[in-house]
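*Asks:* The following comprises the amino acid sequence and a computationally predicted model.
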Amino acid sequence: LPYYKEMKFSGALLHCLLAPLWTITPALPFILLYLFIFHTLAGVALFTFLAFNTVYHYKYSPAFLQWVYWLDMSSYYEKCELRGALDQMATSGSVYCFHPHGILSVGFVVNGVWSKQFNTLAGGDPTASKWEGTVFLIAQNLREWSGLFKVLCDVSGRLESATSFNIRRWMRQRRNLAIIPGGFEDATLFVYGRELTAVRKRKGLVKYALENGYKLFPIWTFGESETYSTFTGLLDGRLWLNRFQIPAVIFFGAYFMPLLPKPSVRVYTYVGPPLELPQIDKPTIVQVDEWHAKYIVALEKLFNENKAAAGKPDAKLELW
């Protein structure tokens, strides 16, 4: 890697270690197919490992977490900060909703999952023998059939599959959750420099929050849309692929390693004030629609009140 005065080597090293684990998962079926055709024994070995990986749970490692905190993933970027209503962050009974997804999900990953500041404010103790802090929810196929990334998820103690069963289970325990509501559709919609997120039809999370009386924290990351350049054509076809949990994106990041984000970006993740939902055992469609609309208003307010401070006074929020 070339040396940048504004980019610490530790942050670049952590990106080089973690980013490939995250992004190679969609290619695994093609790798398996190639191996089965041309190198059958290697294909069988890889398939056996993946099958074993899905059922075996690796032990949580506080030492690994402290090592990641020490390397400081945010140092890779020109600026990467967590801002907003940090004094209102809660240690239980809350869902932190990150927007937008982007490609690597810098806001979610760097200022959420691997951020010592975020996890401390949200009630996570990195020295405890068991992780009791925020549970970060990601796509099930990304987590469970991802080879070495599955190992990382287990060892970190915090990355779990975003299934209905898991969400309800964690909510019954009043655990904090963090998720990217727009999911793969957000990534597919990505256009360099435009502030896009898929949220208008994402109502399931609101229903779960109503059933358990949870708070919803809207979170917006400015600069996420400048981390990569992407192919923007064939949008309808790529959105169709998302129905099968396939991330249909083609992207190019840093010139020295296109898989990584552009390090010259200024990333500011703003946490909004919480939207406090009532507890309703069986919310009706009308009630879900009502609180979903209130969440969208809260997200728009967060965006518009902070875009100038983030250096983007003319930015416009586009909701899908």
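*Replies:* That came through, no problem. Owing to the predicted nature of the structure, the values given are computational and were not obtained by experimental measurement.

*Asks:* And the residue nearest the centre of this structure?
*Replies:* residue 108 (4.0 Å; CA atoms, centre = their mean).

*Asks:* Residue 296 and residue 27, how far apart?
*Replies:* According to CB to CB, to the nearest Å, residue 296 stands 35 Å off from residue 27. Backbone N, C-alpha and C define where each C-beta goes, glycine included.

*Asks:* Just list the residues touching residue 208, thanks.
*Replies:* Residues near residue 208 by CB atoms under 8 Å, 6 or more residues apart in numbering: 164, 167, 168, 171, 214.

*Asks:* Is it within a helix or a strand, and which one?
*Replies:* Under the criterion of DSSP states H and E, residue 208 resides in helix 204-212.

*Asks:* Mind listing what's buried along the one helix or strand in the chain whose mean pLDDT sits lowest?
*Replies:* Ranking every helix and strand in the chain by mean pLDDT, DSSP states H and E puts helix 28-38 at the bottom, with a mean of 78. Neighbour-count burial for helix 28-38, counted by 16 or more other CB atoms under 10 Å, picks out 28, 32, 35.

*Asks:* The last one is in contact with residue 46, isn't it?
*Replies:* The reference is to residue 35. Yes. Proximity of residue 35 to residue 46 meets the contact threshold set by CB atoms under 8 Å, at 6.1 Å.

*Asks:* Report how many residues lie close to residue 66.
*Replies:* As a burial measure, residue 66 scores 13 neighbours (other CB atoms under 10 Å).

*Asks:* typo on my end, it should be residue 49
*Replies:* Neighbour count of residue 49, defined by other CB under 10 Å: 12.

*Asks:* ok, back up a step: so what's the gap between the least confident helix or strand of the chain and the chain middle?
*Replies:* Averaging C-alpha positions (CA atoms, centre = their mean, to the nearest Å) puts helix 28-38 28 Å from its chain's average.

*Asks:* counting contacts, what elements does that helix pack onto?
*Replies:* helix 40-55 (3 or more CB pairs under 8 Å, 6 or more residues apart in numbering; DSSP states H and E).

*Asks:* quick check: angle from the helix it packs on to helix 28-38?
*Replies:* Orientation note: helix 40-55 sits at an angle of 150 degrees relative to helix 28-38 (axes from the mean of the first three to the mean of the last three CA atoms, to 10 degrees).

*Asks:* Can I get helix 40-55 in PDB, CA atoms only?
*Replies:* Presented in PDB, the C-alpha positions along helix 40-55 are these (Å, rounded to 0.1, in the frame of the first residue of the first chain):
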ATOM      1  CA  THR A  40     -13.200 -32.000  -7.400                       C
ATOM      2  CA  LEU A  41     -11.400 -32.900  -4.200                       C
ATOM      3  CA  ALA A  42     -10.700 -29.300  -3.400                       C
ATOM      4  CA  GLY A  43     -14.400 -28.500  -4.100                       C
ATOM      5  CA  VAL A  44     -15.500 -31.300  -1.700                       C
ATOM      6  CA  ALA A  45     -13.100 -30.000   0.900                       C
ATOM      7  CA  LEU A  46     -14.400 -26.500   0.700                       C
ATOM      8  CA  PHE A  47     -18.000 -27.600   0.800                       C
ATOM      9  CA  THR A  48     -17.300 -29.800   3.800                       C
ATOM     10  CA  PHE A  49     -15.700 -26.800   5.600                       C
ATOM     11  CA  LEU A  50     -18.600 -24.500   4.800                       C
ATOM     12  CA  ALA A  51     -21.100 -27.200   6.000                       C
ATOM     13  CA  PHE A  52     -19.200 -27.700   9.200                       C
ATOM     14  CA  ASN A  53     -18.900 -23.900   9.600                       C
ATOM     15  CA  THR A  54     -22.600 -23.400   9.600                       C
ATOM     16  CA  VAL A  55     -23.200 -25.600  12.600                       C
END
